[in-house]
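Asker: Sharing a sequence plus its predicted fold:
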Amino acid sequence: MRAFRAARKRARTTGEQVDPGPPPTAFSLLPWLLMGLGAFSNLWQGKTPNPWVGAIGLLVFNSLYVSVAFRAFDRRRREAPSTRWCLLVMGLVTCALAIGYGGSWLYFFPLLGLATGAVLRGPNLGRVGLALTALAAVVSAYRAGWDAVNIAYGTFLSTMVTAAILSLSEAVRELHAAREKLARQAVEKERMRFSRDLHDLLGHTMSVIVVKSEAARRLAPRDLDAALAQITDIESVGRQALTEIREAVTGYREGSLATELDSACSALRAAGVEPEVTRSGEPLSPQSEALLGWVVREAVTNVVRHSGAARCAIALTGRAERVRLTVTDDGPGPAPAASPGTPGSPGKPGSPGTPSTSDMSGSPASPAPSGTPTASETPGRPRSSGGTGLKGLSERLAAAGGSLTAGPAPGGGFTVVAELPLESGDTPGSGTAGEPGAGGPLD
């Protein structure tokens, strides 16, 4: 108890949570049995007629009271029919002893009310408490006249106060447990958010840096200015990644769809893939733009890493109630690692001049990072829909009422389709061709 008081005092000064303390037990109800000492004293002094009957009644009542008291603090046993039967037998014994002896035996009614309040804490407590009070008043009036008022008042008070105190104690503990559960869920949710953001941020950024670094290495011998431009882009991408990671850590990052589309076009061109971006329909809310921006980032990352495509089309179309984003490439999937000196045509993945994104450094292809499917999942094409990135995006879109599907395109290649409902804050509008929000191609 001293440690509990010290913890409460510390919690008031520091604001930290404190355990509500040990729960009440049946031992908190047992001292009230001392109210029956008057009846026991009469038995001991021989003032009670038929003492063996009174002694048996006293023993039965005390045994039932102790049993009910221990059952009252176990929800399963408290709600069992056998506990109700114990209360009923206690009531019959109390009435028999009170009618037969009167006097101090009438104080068993408040004890009966205390046991009843400990067991019946539900909506029926009021009716049962009033009925028990009326019964105590009638029996006490028959045996003690106006003293029945005190017996009835004590019975009603013991019933209601006991039920209120125990119910309040139980509610406090349930609220404390619920608060701890919500805190754990909030921590898990934040941890999941951060891991998904970090995966999406670093996966895309590292792919862009690798592609641009290899492009700079290829261009350096013959066009130093172009190589320096690629190195400048690498620096810019690295600084942007640092900013985005800081924002992801603090939870304030909101992606811009126009920025993601520009980054996607830059990454695709650096990988030797021709981008084609079209956007039409209504302007989107910041939340919708952020979600679709994540989809563009993850889909383009998979195209750069695995597709071996020559063309990638990104289309954003808005309809009456939903907006659809489609990312389609024409690639056959990742090519096997090529040995040095393998002939090929310049400008295509796998050629001597431009290695594929999976082998652009001239070394065997390294396995994809965690969350990025590999080519071994299905022949000729990685099953991108099974990766951690698209799986996490699917969960995000589903939480916003949308959907995400990914799979082979009918005419070859791979397609990622994301749909979101238009929010009430989205207003109709249009843009100029070649700009975000326009109804024409960006590139």
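Answerer: Yep, it's here. Numbers count the residues shown, from 1 in each chain.
Asker: Surely residue 263 forms part of a strand?
Answerer: No. Assessed with DSSP: H, G, I helix; E, B strand; the rest coil, residue 263 is helix; it does not lie in a strand.
Asker: and the gap between it and residue 73?
Answerer: Per C-beta to C-beta, to the nearest Å, residue 263 is found 62 Å from residue 73. In short, each C-beta sits where N, CA and C put it, glycine included.
Asker: for the record, mean pLDDT for stretch 280-293?
Answerer: For stretch 280-293, mean pLDDT is 82.
Asker: list the buried ones in that stretch?
Answerer: Under the neighbour-count criterion of 16 or more other C-beta atoms under 10 Å, stretch 280-293 has 281-285, 288-293 buried.
Asker: With stretch 407-426 instead?
Answerer: By 16+ other C-beta under 10 Å, the buried positions in stretch 407-426 come out as 413-420, 422, 426.
Asker: before we move on, what about stretch 171-180?
Answerer: Within stretch 171-180, no residue counts as buried by 16+ other C-beta under 10 Å.
Asker: then the strand or helix carrying residue 126 to PDB, C-alphas only?
Answerer: Secondary structure from DSSP states H and E places residue 126 in helix 125-144. Output in PDB follows, covering the C-alpha atoms of helix 125-144 (Å, rounded to 0.1, in the frame of the first residue of the first chain):
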ATOM      1  CA  LEU A 125     -30.200  -4.500  -9.100                       C
ATOM      2  CA  GLY A 126     -32.700  -1.700  -8.500                       C
ATOM      3  CA  ARG A 127     -35.700  -4.000  -8.500                       C
ATOM      4  CA  VAL A 128     -34.000  -6.700  -6.500                       C
ATOM      5  CA  GLY A 129     -32.700  -4.100  -4.000                       C
ATOM      6  CA  LEU A 130     -36.200  -2.600  -3.500                       C
ATOM      7  CA  ALA A 131     -37.800  -6.000  -3.100                       C
ATOM      8  CA  LEU A 132     -35.200  -7.000  -0.500                       C
ATOM      9  CA  THR A 133     -35.700  -3.700   1.400                       C
ATOM     10  CA  ALA A 134     -39.500  -4.200   1.400                       C
ATOM     11  CA  LEU A 135     -39.100  -7.800   2.700                       C
ATOM     12  CA  ALA A 136     -36.700  -6.600   5.400                       C
ATOM     13  CA  ALA A 137     -39.200  -3.900   6.400                       C
ATOM     14  CA  VAL A 138     -42.100  -6.200   6.600                       C
ATOM     15  CA  VAL A 139     -40.300  -8.900   8.700                       C
ATOM     16  CA  SER A 140     -38.700  -6.300  11.000                       C
ATOM     17  CA  ALA A 141     -42.000  -4.500  11.500                       C
ATOM     18  CA  TYR A 142     -43.500  -7.800  12.600                       C
ATOM     19  CA  ARG A 143     -40.800  -8.500  15.100                       C
ATOM     20  CA  ALA A 144     -39.500  -5.000  16.200                       C
END
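Asker: ok, and what's touching that helix?
Answerer: Under the criterion C-beta atoms under 8 Å, 6 or more residues apart in numbering, residues 91, 95, 98-99, 102-103, 106, 109, 112-113, 116-117, 120, 147-149, 151-152, 155-156, 159-160, 163 lie in contact with helix 125-144.
Asker: what's the spacing between that helix and its chain's center?
Answerer: With C-alpha atoms, centre = their mean, to the nearest Å as the basis, helix 125-144 stands 50 Å off its chain's centre.
Asker: Same check on stretch 234-245?
Answerer: Going by C-alpha atoms, centre = their mean, where stretch 234-245 is centred and where its chain is centred differ by 31 Å.
Asker: Over to stretch 308-321?
Answerer: Computed by C-alpha atoms, centre = their mean, the chain-centroid distance of stretch 308-321 equals 33 Å.
Asker: ok, and for it, which residues are buried?
Answerer: 308-309, 311-316, 318.
Asker: just curious, which of those residues is nearest to residue 198?
Answerer: Nearest to residue 198 out of those is residue 314 (C-beta to C-beta; 23.9 Å).
Asker: Mind jotting down where the strands sit in the stretch 151-300 of the chain?
Answerer: Using DSSP state E, counting those that start in this stretch, the strands of the stretch 151-300 of the chain run over residues 274-279.
Asker: how about the host helix or strand of residue 52: buried residues?
Answerer: Per DSSP H and E, residue 52 falls inside helix 51-71. Within helix 51-71, the residues scored as buried using 16+ other C-beta under 10 Å are 54, 57-58, 60-62, 64-65, 67-71.
Asker: between these, which is nearest residue 393?
Answerer: residue 71 (52.6 Å).
Asker: wouldn't that closest one be in contact with residue 80 here?
Answerer: Yes. Assessed by C-beta atoms under 8 Å, residue 71 is found in contact with residue 80 at 7.4 Å.
Asker: Output the buried residues of stretch 308-321 in JSON lines; the columns should cover pLDDT.
Answerer: Formatted as JSON lines, the buried residues of stretch 308-321 follow (pLDDT from 0 to 100):
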{"residue": "308", "pLDDT": "82"}
{"residue": "309", "pLDDT": "85"}
{"residue": "311", "pLDDT": "90"}
{"residue": "312", "pLDDT": "92"}
{"residue": "313", "pLDDT": "92"}
{"residue": "314", "pLDDT": "93"}
{"residue": "315", "pLDDT": "92"}
{"residue": "316", "pLDDT": "91"}
{"residue": "318", "pLDDT": "82"}
